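1. Pasting a predicted model and its sequence here:
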Amino acid sequence: MSDFTSSFWPIFITVISLAGVFGCAWLLWITSKIKASSPNGDNTNGHVWDENLREMNNPLPRWWVWMFIITIVFSLFYFLAYPALGGYTGKLGWSQVGQYEQEMATANAKVAPIYAKFAAMPIEELATNKEAQAIGERLFMNNCALCHGSDAHGSKGFPNLTDHDWIHGGNAEKINETITNGRIGMMPPMAAAVGNEDDVKNLANYVLSLSSSKYDNARAALGKEKFAACAACHGQDGKGNQAVGALNLTDNIWLHGAGEEAIIKRINLGVANQMPAQSAKFSPEQIHVLTAYVWSLSNNASLQ
Amino acid sequence: MKSTTHPKVSTSASNAPSDTAVINLYAAAEKIYPRSTFGFFTKWRWVLIWLTQIVFYGVPWIEWGSRQALLFDLEAKRFYIFNLVLYPQDLIYLTAILIISALSLFLFTAIAGRLWCGYACPQTVYTEIFLWIEAKIEGDRAARMKLDGAGISRKKLVKKGTKHFVWIAFSLWTGFTFVGYFSPIRELSTAAANISLGPWETFWILFYGFATYGNAGFMREQVCKYMCPYARFQSAMFDDDTLVVTYDEARGEPRGSRSRKADLTSNNLGSCIDCSMCVQVCPTGIDIRKGLQYECIGCGACADVCDTVMDKMGYARGLIKYSTQAAIVNGWSHTQMLKRILRPRVMIYAAILILLLVTLLTSLWLRSPFKVDVIRDRGVMARLAEGGMLENVYRLQIMNATESTQHYQLQATGLDQLVIQSDVLDANHTVVVNAAESRGVPVRLQIPDGSMKSGSHTVTFEIKATESDAVVTEKSIFLVPR
């Protein structure tokens, strides 16, 4: 519960809070009657500023005192009900997390009817539904655009969602799965399995030769047999494997950078990529609508 | 300065020196029973009460097209003011209105004191309405004092009960109207009739109603005296040429009662017959004859009542009147006094006020019917696209401040061979935004890779509303990596 590692701060907060409240009560009590000096007998305190400004000993209205008392009583009840005093959790059992969860539940209940009518529709239909698309667009802009870009074209390390190149599969179920559970992309460092620096460079040129990239013919021929180490994941033909999330090396889409240098770096160091799971943030119905939006990005360009 | 609530001074009888006394710091407020007034200033106060309240209770009911003319939709973050649809980005107008209000306060105060307090402040206005109800049910000052002093009787309970019933009904209506500015009032009245109001609407109706009932029914002058900061800085707003409600001491003193038939100058008395009517009508319970006091809200009730007394006595009016300190001291005539109104201070306030008003109205008049925020994607610095193009990604938040669907055409300039690309724009680079909605439009700008040196370059988006030909230009930057 407590965010503090030592017991000093909870005690500090408790002491200061209680001392503040009781200090106010004490001040209110001792100042209720004071000895007021009025040398001229005219209810002024005798000080004169700026030629003729004088201060009077006028009392505070009593209702104001009552407001102070009400405030003091209220604060004591507040201390009792809420976690205001250090580590004390309060009689009402209120917490920030609880409040957040409650508000999220209320908000989800409020939007549930909107999503309910979408839940039964297949994503192909949702992808042409203007209302669902508008909602999907907003969900995407607020939650996905940070990594994948506002236009969903991605950037280095973050896949482009508008093309037909899918790492884990681009049908509705796969997209839904990706959003719900997230994905982990892992390529181990392969340098040791490949050989020396020259072998790595040769292999990189062979990889380049798979797609229509610029490459060194001689080096590619030498690197071909080394590709066996890669084939386990990327396949004999280098077309990748969506089941394990191995990238297709034969197209001209380079998630982690194009060119010889970038490929050598990946062979030497490997790469770990992660898409976080969104299931905690969204309801399944929301993910359904978001799936339809993401699917539509590559499948109905004609829509726009 | 003070007269009515002197502390209870209990001088210890035995040996304490007479200049030191133990005083109770907290005193019960004495109830004030203002007598009803009639006359010039009272009439003006009622005119202002009617005007402000017709506006307050009436405006939410005005329909404008398919909606309420004035609606502050906090949930959707849209303010609808007749033809105007304001977004949170239009906060500057609120700032301008607040500055204009403050300057008006300065100007009116410099000219004629606390005009706001006396004639337009909700505290004064609602107190006046509540007092009127009270006087209708319980009778005027003397009757009310007698009723409060009497023991409990059926008559008293009926009168008090009726008064509180009317007060509470009026307060609830006020609270309901207030909420009607934020939640469509016609639906609100249906919901209220069916007792199906939402929790927040119920809370604010009750809260605002309670505040009206408490402030206008019970707190009254206590609010002006102890809570309102305005009284405390009035001395900084007044000068010798400010018109304030004053008692003409030179003419009135020495005061004293006399027969109506008695000659004005006999007994060496001044015009003041010491009838204490000016004290009885005062809503803050002060004696204006003691000079200007911070409690005086400048309502002019004492001037009205004194004039009727002067009429009865056959004396000239104006023993208590709006006058300036300089005029009283120098014995200026009315014209001489009014000449001093156009002094530099007033002219400067007026000039700034007019300037601000003109600026506000002009900018509202010229206001674009839509807004655009250009947000450069930060996750994507710059990237290579097909065809050897270098691209940057932007999100254009287009806010439609009209109440019809609009088409917006995008253009970008600032770099050679700049190309605009987007999956959501049509062939004419046009996008649709629904009425009073806001839409984020992702746009890519491309230049041939290597055509610009690395660094940041300024690009300009030009967005045109095809329906109205209104144009908004927004600057952003284009990053070229090393």
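-> Structure's in. What do you need?
2. contacts for stretch B:98-118?
-> B:41, B:45, B:124, B:224, B:230, B:234, B:237-239, B:242-245, B:296-300, B:322, B:341, B:345-346, B:349-350, B:352-353, B:356-357, B:360 (C-beta atoms under 8 Å, 6 or more residues apart in numbering or on different chains). For every residue, glycine as well, the C-beta is placed using N, CA and C.
3. In strands only, show me those.
-> Counting by DSSP state E, the contacts of stretch B:98-118 place B:Val244, B:Val245, B:Tyr322 in strands.
4. Filter the residues you listed down to the buried ones and hand me the PyMOL line.
-> To isolate the buried members of the ones in strands among the contacts of stretch B:98-118 in PyMOL, using 16 or more other C-beta atoms under 10 Å in any protein chain shown:
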select buried, chain B and resi 244+245+322
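5. returning to what we had before: show me which of the contacts of stretch B:98-118 are buried.
-> B:41, B:45, B:124, B:224, B:230, B:234, B:237-238, B:242-245, B:296-300, B:322, B:345-346, B:349-350, B:353, B:356, B:360.
6. in the stretch 201-304 of chain A, which spans are helices?
-> A:217-223, A:228-234, A:260-269, A:284-299 (DSSP state H, counting those that start in this stretch).
7. in the sheet, who's paired with the closest residue to B:Thr466 other than its chain neighbours?
-> Ranked by C-beta to C-beta, 6 or more residues apart in numbering or on different chains and with sequence neighbours excluded, the top spatial neighbour of B:Thr466 is B:His407, at 4.5 Å. Beta-bridge partners for B:His407, by DSSP bridges, are B:Val432.
8. Who are the contact partners of B:His407?
-> B:Thr430, B:Val431, B:Val432, B:Ala465, B:Thr466, B:Glu467.
9. So of these, which two are at opposite extremes in space?
-> For the contacts of B:His407, with distances taken as C-beta to C-beta, the pair at the greatest spread is B:Val431 and B:Glu467 (13.0 Å).
10. Have a look at these two and say which one is more surrounded.
-> B:Val431 (21 against 13; other C-beta atoms under 10 Å in any protein chain shown).
11. can you pull out the strands in the stretch 151-300 of chain A?
-> A:183-187, A:271-275 (DSSP state E, counting those that start in this stretch).
12. Around chain A, pick out the residues from the stretch 101-250 of chain B.
-> Neighbours of chain A within the stretch 101-250 of chain B, by C-beta under 8 Å from any C-beta of the partner chain: B:Gln222, B:Tyr226.
13. what's the burial count for residue 248?
-> I'll assume chain A. With other C-beta under 10 Å as criterion, A:Asn248 counts 20.
14. Wait, chain B was what I had in mind.
-> B:Asp248 - counted by other C-beta under 10 Å - has 19 other residues nearby.
15. which non-adjacent residue is nearest it?
-> B:Leu319 (5.6 Å).
16. got a list of what that neighbour touches?
-> B:Tyr247, B:Asp248, B:Arg251, B:Gly252, B:Ser271, B:Cys272, B:Cys306, B:Met310.
17. possible to save the residues you listed as a markdown table with secondary structure and pLDDT?
-> Shown next, in a markdown table, are these (DSSP: H, G, I helix; E, B strand; the rest coil; pLDDT from 0 to 100):
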| residue | secondary structure | pLDDT |
| --- | --- | --- |
| B:Tyr247 | strand | 94 |
| B:Asp248 | coil | 91 |
| B:Arg251 | helix | 89 |
| B:Gly252 | helix | 88 |
| B:Ser271 | coil | 89 |
| B:Cys272 | coil | 92 |
| B:Cys306 | helix | 95 |
| B:Met310 | helix | 93 |
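18. mind checking pLDDT for B:Ala401?
-> pLDDT recorded at B:Ala401 is 89.
19. let me redo that: B:Trp332
-> So, for B:Trp332, pLDDT stands at 88.
20. Touching, it and B:Asp241? I think so.
-> No: applying C-beta atoms under 8 Å, one finds B:Trp332 not in contact with B:Asp241, separated by 10.1 Å.
21. closest one to chain B among the helices of the stretch 201-304 of chain A?
-> helix A:284-299 (7.1 Å; C-beta to the nearest C-beta).
22. out of the contacts of stretch B:98-118, which are inside helices?
-> B:41, B:45, B:124, B:230, B:234, B:237, B:345-346, B:349-350, B:352-353, B:356-357, B:360 (DSSP state H).
23. Nearest residue to A:Ala132 in space, please, no chain neighbours.
-> A:Leu126 (4.5 Å).
24. Look at the closest residue to chain A within the stretch 1-150 of chain B and say how many residues are nearby.
-> Nearest residue of the stretch 1-150 of chain B to chain A (C-beta to the nearest C-beta) works out as B:Ala27 at 3.8 Å. Residues lying near B:Ala27 (other C-beta under 10 Å) number 17.
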